[in-house]
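>>> could you work out the structure for the sequence below:
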Amino acid sequence: MSDVVGPRKKVAVKDLHFGMYVFELDRPWTETPFMFQGFTLRTEQQLDVLRKYCEFVHVDQERSDTVLKPQLAPVVPAAGTQLPAGPLPGTRRIAHVERVEVEKELAPARDARVHAEERISEVFNTIKAGGALDAGAVKTAVTRMSESIMRNPDALMLFSALKQRGGYFLDRAMNCSIYLITFTRFLGMEQADIERAGMVGMSQDVGMLKLPEALLQKPGPLTPEEILQVRKHVDLGAEKIQESGLSPDVAEIAGQHHEREDGSGYLHGLKGSEMKVIGACAGIVDTFGAMTTKRPYADAISPSNVLGIMHKWKDKIFNGWLIEEFIRCIGVFPVGSVIELNSGEVGIVISQNTVRRLQPRVLVVRDSNGNPVHPHKLLDLSKSPRATPEEPYRIRRTLEYGRSGVSAQDLFL
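Numbers count the residues shown, from 1 in each chain. Okay, here's the model as predicted:
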């Protein structure tokens, strides 16, 4: 049974199909677990929630991917399969319904990150002293973070972006793990593969801990000999991972994070069809993390600018389908991004809008004169709040991480 009004149609929940755009429910959105108003129906999880709470919904046929026709369930490549060059065949975009709101996940996310950082800091200190990689500590840290990300990835990504730095390699390991967990979740991989990706991100650079500090901190260009020495971190890391007792495929996949789609990477010059899915994802995440972080030889670049650069490298440096999905996953304005609004105010992106990626939720922390705003002002740009009576708020530009003057403690305590 359905009632049609123009392109919009009232549809019984039992008659819904994947691809339909649900813009209105038969009850207020706040009475359901849905975090956002309006979404494309793509997963069984979304459908289960609708069956539980609603008898009918309103569908916008113009915004639907298919007009009232059945659609195949989303298919994603299994982790560990080889990537063909170009877009992955048989894949579909998957819309996730967050289990809890980002505000409710902030405290659990903070606890997961703090606990993980304490454990991994001990692990890295042991490796620097000549000891072994503690597989149990890595697994425990990754499991706790993945549990938070499965509920809502925005909270942990926000906390990590704002957290005061605990050391370059420790932060890089934590953030690579968080982004890889988030990315593989977005791609619809199984839980075991998501956690495997988290362990890859956490351990892929442990070989760096065995290199001379002077080499790692050198501010100028490296000599050809020094470049070769730095590249040894891939093999050194693989040895540490293998000795630790982690699954052998973790070492193999971690060894691919510097391989590139066109074969220009190292150590083995693998091309796209020769890399594993998680290995290709690891290369994307590693590059994004490096370019958005200040290094001895380069300043940090704002997240949105980095995504623009990386997008130009698609089908060359990175698999084209994967880089498109990565940008969809974290958004043009990633959570934790420091942004300047057209009002001159400065804010922090605290959560994505899965329907309108250019209109995230923003926390204003500084006024147009650079003064702190207390209490912070929350703007949902998808609802067109007004900067002036004549003009709605919009994002003018993004700034580098750390430019807001706000720490994680300011928001999470």
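>>> could you pull up the residues touching the residue nearest to residue 333 when sequence neighbours are not counted?
Nearest residue to residue 333, sequence neighbours excluded (C-beta to C-beta, 6 or more residues apart in numbering): residue 349, at 5.0 Å. Bear in mind the C-beta positions are built from the backbone N, C-alpha and C, glycine included. Counting by C-beta atoms under 8 Å, 6 or more residues apart in numbering, residue 349 touches 331, 333-337, 339, 360-362.
>>> which one among those residues gets closest to residue 302?
residue 337 (7.4 Å; C-beta to C-beta).
>>> in the sheet, who's paired with the closest residue to the closest one other than its chain neighbours?
With sequence-adjacent residues excluded and distances taken as C-beta to C-beta, 6+ apart, residue 337 is closest to residue 349, at 4.5 Å. In this entry, residue 349 is beta-bridged to residue 362, by DSSP bridges.
>>> what ranges does the stretch 251-400 of the chain have for its helices?
277-291, 303-312, 320-330 (DSSP state H, counting those that start in this stretch).
>>> buried deepest among these, which one?
Highest mean neighbour count of the helices of the stretch 251-400 of the chain: helix 277-291, a mean of 24 (counted as mean count of other C-beta atoms under 10 Å).
>>> name the SS class of residue 34, please.
coil (DSSP: H, G, I helix; E, B strand; the rest coil).
>>> surely it is in contact with residue 54?
No. Here residue 34 lies out of contact with residue 54, judged by C-beta atoms under 8 Å, at a distance of 10.2 Å.
>>> what's the overlap in contacts for these two?
Common neighbours of residue 34 and residue 54 (criterion: C-beta under 8 Å, 6+ apart): residue 25.
>>> can you list the contacts of residue 349 in a markdown table and add neighbour count, pLDDT and distance to residue 313?
Formatted as a markdown table, the contacts of residue 349 follow (neighbours: other C-beta atoms under 10 Å; pLDDT from 0 to 100; distance: C-beta to C-beta, whole Å):
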| residue | neighbour count | pLDDT | distance to residue 313 |
| --- | --- | --- | --- |
| 331 | 21 | 87 | 19 |
| 333 | 24 | 89 | 20 |
| 334 | 26 | 91 | 18 |
| 335 | 26 | 91 | 23 |
| 336 | 24 | 88 | 23 |
| 337 | 28 | 88 | 20 |
| 339 | 25 | 90 | 24 |
| 360 | 27 | 91 | 25 |
| 361 | 21 | 91 | 30 |
| 362 | 26 | 92 | 28 |
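>>> mind checking the pLDDT average for stretch 244-253?
Averaging pLDDT along stretch 244-253 yields 92.
>>> send me it as PDB with only the CA atoms.
What follows is stretch 244-253, C-alpha atoms only, in PDB (Å, rounded to 0.1, in the frame of the first residue of the first chain):
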ATOM      1  CA  SER A 244      55.300 -11.400  18.100                       C
ATOM      2  CA  GLY A 245      52.800 -14.100  17.300                       C
ATOM      3  CA  LEU A 246      50.300 -11.900  15.500                       C
ATOM      4  CA  SER A 247      48.700 -13.600  12.500                       C
ATOM      5  CA  PRO A 248      51.200 -14.000   9.600                       C
ATOM      6  CA  ASP A 249      48.900 -12.000   7.300                       C
ATOM      7  CA  VAL A 250      49.300  -8.900   9.500                       C
ATOM      8  CA  ALA A 251      53.000  -8.800   8.800                       C
ATOM      9  CA  GLU A 252      52.300  -9.400   5.000                       C
ATOM     10  CA  ILE A 253      49.700  -6.700   4.800                       C
END
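>>> in that stretch, what counts as buried?
244, 246-247, 249-253 (16 or more other C-beta atoms under 10 Å).
>>> check contacts around residue 123.
Residues near residue 123 by C-beta under 8 Å, 6+ apart: 133-134, 137-138.
>>> how much space between it and residue 64?
48 Å (C-beta to C-beta, to the nearest Å).
>>> any idea how far the residue nearest to residue 337 lies from residue 133?
Distance of residue 349 to residue 133, computed by C-beta to C-beta: 34 Å.
>>> any idea how the protein splits into domains?
For the chain, automatic domain parsing gives the domain ranges 2-63, 102-330, 338-412.
>>> pLDDT weak spots in this structure?
Applying pLDDT under 70 to the chain picks out residues 1-7, 35-37, 63, 65-97, 164-166, 401-413.
>>> hmm, 50 instead?
For the chain, the stretches flagged by pLDDT under 50 are 1-2, 4-5, 66-77, 80, 84-92, 412-413.
>>> could you pull out the strands in the stretch 151-300 of the chain for me?
Using DSSP state E, counting those that start in this stretch, the stretch 151-300 of the chain contains no strands.
>>> helices or strands next to the longest strand along the chain in the packing?
Looking across the chain with DSSP state E, the single longest strand is strand 372-380. Counting contacts by 3 or more C-beta pairs under 8 Å, 6 or more residues apart in numbering; DSSP states H and E, strand 372-380 packs against strand 361-366.
>>> give the other helices and strands that the strand it packs on contacts.
Contacts defined by 3+ C-beta pairs under 8 Å, 6+ apart place strand 361-366 against strand 338-341, strand 346-351, strand 372-380.
>>> in stretch 344-354, what counts as buried?
Neighbour-count burial for stretch 344-354, counted by 16+ other C-beta under 10 Å, picks out 345-354.
>>> got the end-to-end distance for it?
This stretch, stretch 344-354, spans 26 Å end to end (C-alpha to C-alpha, to the nearest Å).
>>> tabulate the buried residues of stretch 344-354 (CSV), appending distance to residue 394.
Output for the buried residues of stretch 344-354, formatted as CSV (distance: C-beta to C-beta, whole Å):
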residue, distance to residue 394
345, 12
346, 14
347, 12
348, 16
349, 13
350, 17
351, 17
352, 16
353, 13
354, 19
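>>> and of those residues, the nearest to residue 290?
Closest approach to residue 290 among the buried residues of stretch 344-354 (C-beta to C-beta): residue 349, at 20.7 Å.
>>> now stretch 126-146: buried residues?
Neighbour-count burial for stretch 126-146 [16+ other C-beta under 10 Å]: 127, 133-135, 137-139, 141-142, 144-146.
>>> now do it: everything it contacts.
Stretch 126-146 is contacted from outside by 112-113, 115-116, 119-120, 122-123, 156, 177-178, 181, 185, 191, 194-195, 198-199, 202-203, 206, 209-210, 240-241, 243-246, using C-beta under 8 Å, 6+ apart.
>>> quick one: buried ones out of those residues?
Among the contacts of stretch 126-146, the ones that count as buried by 16+ other C-beta under 10 Å are 112-113, 116, 119-120, 123, 156, 177-178, 181, 185, 194-195, 198-199, 202-203, 206, 209, 240-241, 244, 246.
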